[in-house]
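Trainee: Pasted the sequence and its predicted model underneath.
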Amino acid sequence: MPIVRIACRLVREHRMLFAVYVLLFSLLGAFAAGSLGSSATAAGYVSARPTIAVIDRDESAVSQALASYLAGTGETVEIEDTVPALQKAAANNLANYVLIIPEDYGSDLVDAARAGRDAPDLSCIVSYMNASGALVDQRVRAWTQELYALAAARGASVSELVQMVDTAQETGVAVESVPTEETGLPITYLVYCQFALYALFGGIAAIVGTGLFSLRQTEIRQRIGVSCVAQTHFDAQVVGAIALCGVVVWAINACVGLVLYRDALSTVPTLFVQLMLVILLALMLVGMAFGFLVWQLNVRHELIHAICNIAAMIVAFLGGTWIPLDNMSEAVTAVARFTPGYWAVSGMQELVRATSVSGELVASVLADVGLVVLFAATIAAAGLAVGRVRRVA
């Protein structure tokens, strides 16, 4: 009895599962990677320019110099000096940073410095959308503190003090990109491969569990029983069908990634790409093993998708696919180490951080792959144990 052909036919009848779990999640990973934009391969460095608004109620030499300094560090926007306009600017994020300079601020700042008193305060509205407003506020504080220090140490006029501060602020940091002979995998490809974890684990498990569910039906079991197929031969052919299903899913996902990111991967050492495919292959083995375990458990047909999807979400979450593990507590990270997704993503990130091929890198990535394979072997052994218990019972 050609069990492999029967199993493959049963899986093929659920071809929509391939479209949902493989193609859909591959495209989802591509969209997630696309949201990051292109990798940083620009020839030069371009600093971010936040939007800045200045409400100058002082109109002194100090306030005008401060406003001019801010105009050179960002894009200025106009906001009326009224309470409703300021409230609207804060609520609608019209500017990353709004500075309000009170009356007599310039003279009060210089007088406070020369008298040894605390400097007067400035009012500001910092955007809640990103950190650029907070960075601008630090620049404002640095500018005023430098003017305060100069005024306390020198008896120069206000115009001379402002000129000294402006001269000091002209000193910048030169930023230059230094190309390396080899570059690691692009971050966009990393995100795509991280999302492939869901398809290669949960997708394969659901396809295997659902596709081979019919082999548990009484009619098919009776047909197989009269054919005198040994149990070991039957199990071997089922494993072969599962392996064929897993290889097809892995090949589709891998090819989609190579096609989508062929330009970005063209400058990457071939060994990096090969190691990434090996990591995905190890994840495929885990998905096959888990699908085999679910099939051996003989759960109800409608529960297969729930079990596979919940397990895939947990593994993907603990692997850092949705939220980087650096943002999680030590307890969550400790639990994540007992999942295959953690070690798979760990190997992927090593390939992204690497800038050259080395034996140490290959050994480290293969060690992570070995741990993922051990998870697959453990799950498969559990499936075999469940199957033996069911036959004895």
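Mentor: Yep, that arrived.
Trainee: Can you give me every residue that contacts Leu135?
Mentor: Shown in contact with Leu135 (Cβ atoms under 8 Å, 6 or more residues apart in numbering): Pro50. C-beta: built from backbone N, CA, C; applies to glycine.
Trainee: Report the separation between it and Asp166.
Mentor: Leu135 sits 20 Å away from Asp166, going by Cβ to Cβ, to the nearest Å.
Trainee: cool, and Leu384?
Mentor: 77 Å.
Trainee: for Gly211, same thing?
Mentor: In terms of Cβ to Cβ, Gly211 sits 72 Å off from Asp166.
Trainee: now do the same end-to-end measure for stretch 146-160.
Mentor: End-to-end distance for stretch 146-160: 13 Å, by Cα to Cα, to the nearest Å.
Trainee: Output the contacting helices and strands for the helix or strand hosting Met313.
Mentor: Here Met313 sits within helix 301-318, counting by DSSP states H and E. Contact here means 3 or more Cβ pairs under 8 Å, 6 or more residues apart in numbering; DSSP states H and E; on that basis helix 301-318 packs against helix 187-198, helix 204-211, helix 270-297, helix 330-336, helix 340-353.
Trainee: ranking those by burial, who's on top?
Mentor: Mean neighbour count (mean count of other Cβ atoms under 10 Å) peaks for helix 204-211 among the helices and strands packed on helix 301-318, with a mean of 28.
Trainee: Give the residue spans of the protein that score low on pLDDT.
Mentor: 1-48, 169-184, 213-235, 391-393 (pLDDT under 70).
Trainee: which SSE is Trp250 in?
Mentor: helix 231-260.
Trainee: what's the angle from that helix to helix 204-211?
Mentor: If you take axes from the mean of the first three to the mean of the last three Cα atoms, to 10 degrees, helix 231-260 sits at 130 degrees to helix 204-211.
Trainee: packing partners for the following helix or strand past helix 231-260?
Mentor: Sequence order places helix 262-265 as the next helix or strand after helix 231-260, per DSSP H and E. Contacts defined by 3+ Cβ pairs under 8 Å, 6+ apart place helix 262-265 against helix 187-198.
Trainee: from what I can see Ala354 touches Phe272, true?
Mentor: Yes: the pair Ala354 / Phe272 is scored as a contact, 7.1 Å apart, by Cβ atoms under 8 Å.
Trainee: and Ala53, that's in a helix?
Mentor: No: counting by DSSP: H, G, I helix; E, B strand; the rest coil, Ala53 is not found in a helix; it is strand.
Trainee: Could you double-check that it sits in contact with Thr76?
Mentor: Yes: Ala53 lies in contact with Thr76 (Cβ under 8 Å); the separation is 6.8 Å.
Trainee: How far off centre is stretch 109-121?
Mentor: 47 Å (Cα atoms, centre = their mean, to the nearest Å).
Trainee: quick one, what contacts Gln145?
Mentor: Ala119.
Trainee: The closest residue in space to Ala206 that isn't next to it in sequence and Phe338: what is the separation?
Mentor: Leaving aside its chain neighbours, Ala206 sits nearest to Cys308 (4.0 Å; criterion: Cβ to Cβ, 6 or more residues apart in numbering). Noted for Cys308: a distance of 19 Å to Phe338, by Cβ to Cβ.
Trainee: These two: which is more packed in?
Mentor: Cys308 (25 against 10; other Cβ atoms under 10 Å).
Trainee: residue contacts, the more buried one?
Mentor: So Cys308 contacts Gly202, Gly203, Ala205, Ala206, Gly209, Phe290, Gly291, Val294 (Cβ under 8 Å, 6+ apart).
Trainee: Could you report the neighbour count for the second one?
Mentor: Burial of Gly203 is recorded as 30 neighbouring residues (other Cβ under 10 Å).
Trainee: Surely it and Val249 touch.
Mentor: Yes: between Gly203 and Val249 there is a contact at 6.2 Å, judged by Cβ under 8 Å.
Trainee: hey, where'd the helices end up in the stretch 101-250 of the chain?
Mentor: Here the stretch 101-250 of the chain has its helices, by DSSP state H, counting those that start in this stretch, at 105-115, 132-153, 158-169, 187-198, 204-211, 218-226, 231-260.
Trainee: and Val294, what is it in contact with?
Mentor: Ala205, Val208, Gly209, Ile304, Ile307, Cys308.
Trainee: distance of the first one from Ser356?
Mentor: The spacing between Ala205 and Ser356, counted by Cβ to Cβ, is 37 Å.
Trainee: Please identify the deepest-packed of the helices of the stretch 101-250 of the chain.
Mentor: helix 204-211 (a mean of 28).
Trainee: Quick check: phi and psi at the residue of the chain positioned farthest from its centre.
Mentor: In the chain, counting by Cα atoms, centre = their mean, Gly155 sits farthest out from the average C-alpha position, at 54.5 Å. In terms of degrees, to the nearest 10, the main-chain angles of Gly155 are phi -100, psi 30.
Trainee: Having no further points to raise, I will conclude here.
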